[in-house]
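>>> the following comprises the amino acid sequence and a computationally predicted model.
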Amino acid sequence: MRRFVISLVAAIAVVLAVGGAVVAGSGGGSSITRARLERSLPATFSNLYAQRATLLGHGGITPESLHASAMCDKGGAVEPDVGAGSNWNCLVSWTDPTNPMPPEGYGKLELQVHSNGCYTASAPSKLVGFATLTDTKGREVTNPVAEFDGCFDPNGDNTPTGVELPSLLSVTTTALRPDSTGHVAIQVTCGTGAGGCQGTVTATAGDADLGTVPVTVHEEQTETFSFPTAVPHRAPEVTFTFHLTTGVGPTKPVTLEMPPG
Amino acid sequence: MTTATLAPAARTDVRRREASLGDAIRWETRKLRAQLRSKALLIGSLVAPIAVVVVVGAQSRPPKDSLFGRFSTVNGFAMALLVLGFASQWILPLVTAVVAGDIFASEDQHGTWKTVLTRSVSRSRLFWAKVVVAIVFGLLALVLLAAATIGASLLIVGHGPLIGLSGQVIQPSTALPLVAASWATMAPPLVAFTCLALLFSVWSRNAAVGIAAPVVIAMVMQLVGSLGGVEAIRPYLLTTPFEAWHGLLAEPRFTGPILDGAATSAVWAAVSLLAAFLVVRHRDITGG
């Protein structure tokens, strides 16, 4: 028994010592990088998307015709894009004539990337459908692209792909809450993308202009912007218009109702 | 009277040749064949995969959290690879350690070192015979596990085209050799774990330690290898080669991890064997 304890302690000590030395020497270098994911994910996605098209009977869609490209990010702007984790997000853009893309031009896939170079991705259901689909013969089959696994070569090409897709800005406020002086504020969130969201937002209540404020939100962050002019008494609603120089905002002005009274 | 009986005995001693490595291997194999444990293990390697395939194949919800689990209930190739992923994590180190961890320690347990070594076989020959027998046993168990898993998966679940790890469709005629090759990539780390178990068997002189220690080490390495932030030590872990087969199912195929894994396994095996050999060599057997 004593030998067992000694061997176990010795083995763990050796593993920790070697591991510590290696990690210290290499700076914790991981083979899981943004560039490798950005190469692997579009290829896997295209193959599976083409299989979905075949199941649905959409002709003329091949992995090549989709021209898929991806921009991946781990944990927003604050975290380096390297290493395993469940906080990887990849924006994937592709071309399918039977299925137009939203204004931002891409879909966001959430990835769980494992330390062995394999990942599990789930695609947005509004673009690829739900977990099962009805094929041309009327059978319920698994949607191959709704959630899928893939692996990439840990020694593969690691030069940056240069793919950049804009962040999507969206309004998270659902009901306006004016403060005691009648001023309103709006909360917005900026999604994964290159460079975050920058521009201006203008608020109007009927004919009254509540002012224009600059918008700067880093990717995967939420900010609140308040307007300098108070909302006129009895104004029923406030309209917010976004003009973004970086990122993609709501295409139509957002109108929110004022609380009664 | 005494001289009359001793004289012929002395003559036969002179004629008796020294036992070769082949003889020693034959004795060790015979000991193994007499053990209930080793026979049970081989039969288990043949029967257990069939039971696993039947049970997993009958699930209404496929085990999606494992690689190839998603299509394992409808595709036999995916099932065989799902079982491979599970076996490499938990089963293979145990299977080989059951024999390798015991093969030296059993001589201590039965107090038979003096008996085997005073027969005319040299220490190093006996050592290498035990090493060869333990490795061959581990590989035999792997072959049985692989054959039973692949056979049962294809017969019970079916053999349609397989979706690979790059989303590509792999036709059954290509999928079968790839699945078999994936199972074959388990051999180098399995041999290395066998050598590690031999080292613990020699050093601890206790079969329980010889069997348990490699399994515990495998679990610790598995855990360390799956942690984020310390990925740089993965190439040195003996559990990483168990995952090298992923490259065979991707497109384009990549075999770098398999070659790296073979090198890692070779180093672990060589160091373990060298240490075990030195311990056997310098061991004083006169005491027990």
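Perfect, thanks for sending it. Residues are numbered from 1 along each chain as shown, chains lettered A, B, ... in the order given.
>>> phi, psi for the residue nearest to B:G158 when sequence neighbours are not counted please.
Among residues not flanking B:G158 along the chain, B:G76 sits closest, at 5.1 Å (Cβ to Cβ, 6 or more residues apart in numbering or on different chains). C-beta coordinates here come from the backbone N, C-alpha and C atoms, glycine included. Backbone geometry at B:G76, expressed as degrees, to the nearest 10, gives phi -70, psi -40.
>>> next one: B:G76 from chain A, what distance?
16 Å (Cβ to the nearest Cβ, to the nearest Å).
>>> surely that residue touches B:L154?
Yes. Using Cβ atoms under 8 Å, B:G76 is in contact with B:L154, at 4.2 Å.
>>> higher neighbour count, those two?
The residue with more neighbours, out of B:G76 and B:L154, is B:G76; 28 against 20, by other Cβ atoms under 10 Å in any protein chain shown.
>>> check the residue in the stretch 151-288 of chain B positioned nearest to chain A and give its pLDDT.
At 3.2 Å from chain A, B:G167 is the closest residue in the stretch 151-288 of chain B, using Cβ to the nearest Cβ. Per-residue pLDDT puts B:G167 at 95.
>>> for the one 3 residues further on, same thing?
The pLDDT attached to B:I170 in the predicted structure is 96.
>>> ditto for the one 5 residues further on
With respect to pLDDT, B:A175 has a value of 96.
>>> who are the packing partners of the helix or strand hosting it?
For B:A175, the host element (DSSP states H and E) is helix B:172-184. Where contact means 3 or more Cβ pairs under 8 Å, 6 or more residues apart in numbering or on different chains; DSSP states H and E, helix B:172-184 is packed against helix B:76-86, helix B:123-156.
>>> what does it contact?
B:77, B:80-81, B:84, B:142, B:145-146, B:149-150, B:154, B:159-162, B:170, B:245, B:248-249 (Cβ atoms under 8 Å, 6 or more residues apart in numbering or on different chains).
>>> what residues does the stretch 101-250 of chain A have near chain B?
Residues of the stretch 101-250 of chain A found near chain B (Cβ under 8 Å from any Cβ of the partner chain) are A:114-118, A:142, A:144, A:147-156.
>>> filter these down to the buried ones.
Buried by 16 or more other Cβ atoms under 10 Å in any protein chain shown: A:114-118, A:142, A:144, A:147-154, A:156, out of these.
>>> helices of chain A, start to end?
Assigned by DSSP state H, the helices in chain A fall at A:2-26, A:34-56, A:125-128.
>>> and the closest residue to chain B within chain A, what is it in contact with?
Residue nearest to chain B within chain A: A:N47 (3.2 Å; Cβ to the nearest Cβ). Counting by Cβ under 8 Å, 6+ apart, A:N47 makes contact with A:63, B:166-169.
>>> tabulate these (CSV), appending secondary structure and distance to A:V9.
CSV is the format used below for the contacts of A:N47 (DSSP: H, G, I helix; E, B strand; the rest coil; distance: Cβ to Cβ, whole Å):
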residue, secondary structure, distance to A:V9
A:P63, coil, 53
B:S166, coil, 43
B:G167, coil, 46
B:Q168, coil, 47
B:V169, strand, 50
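>>> which one (most neighbours) among those residues?
Most crowded among the contacts of A:N47, counting by other Cβ under 10 Å, is B:G167 at 25 neighbours.
>>> hmm, A:A43 and that residue touching each other?
Yes. B:G167 is within contact range of A:A43, at 7.2 Å (criterion: Cβ under 8 Å).
>>> circling back to that earlier point, rank the helices of chain A by pLDDT, which is bottom?
helix A:2-26 (a mean of 69).
>>> what's the local residue count around A:P228?
Count around A:P228 with other Cβ under 10 Å applied: 10.
>>> distance from stretch B:58-73 to the middle of the chain?
How far stretch B:58-73 lies from its chain's middle: 27 Å, per Cα atoms, centre = their mean, to the nearest Å.
>>> please disregard the earlier target; I meant stretch A:49-69.
Centre-to-centre, stretch A:49-69 and its host chain are 23 Å apart (Cα atoms, centre = their mean).
>>> list the buried residues for that stretch?
For stretch A:49-69, by 16+ other Cβ under 10 Å, it's A:49-56, A:61, A:63, A:66, A:68-69.
>>> low-confidence ranges in the stretch 1-150 of chain B?
B:1-17, B:120 (pLDDT under 70).
>>> again, but for chain A
If you take pLDDT under 70 as the line, chain A has these spans: A:1, A:3-4, A:7, A:15, A:18-28, A:261.
>>> strands along that one, start to end?
Secondary structure of chain A (DSSP state E): strands at A:69-74, A:85-93, A:107-113, A:118-122, A:132-134, A:140-142, A:147-151, A:169-171, A:185-190, A:197-205, A:208-217, A:221-226, A:237-246, A:254-257.
>>> is it possible to get a markdown table of those that adds distance to B:L46?
Formatted as a markdown table, these follow (distance: least, Cβ to Cβ, whole Å):
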| stretch | distance to B:L46 |
| --- | --- |
| strand A:69-74 | 44 |
| strand A:85-93 | 38 |
| strand A:107-113 | 35 |
| strand A:118-122 | 30 |
| strand A:132-134 | 37 |
| strand A:140-142 | 32 |
| strand A:147-151 | 29 |
| strand A:169-171 | 58 |
| strand A:185-190 | 57 |
| strand A:197-205 | 61 |
| strand A:208-217 | 61 |
| strand A:221-226 | 58 |
| strand A:237-246 | 63 |
| strand A:254-257 | 66 |
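>>> nearest to B:Q59, of these?
Nearest to B:Q59, of all those, is strand A:140-142, at 14.2 Å by Cβ to Cβ.
>>> contacts for the closest one, please.
By Cβ under 8 Å, 6+ apart, the residues outside strand A:140-142 that reach it are A:55, A:131-135, B:70-71.
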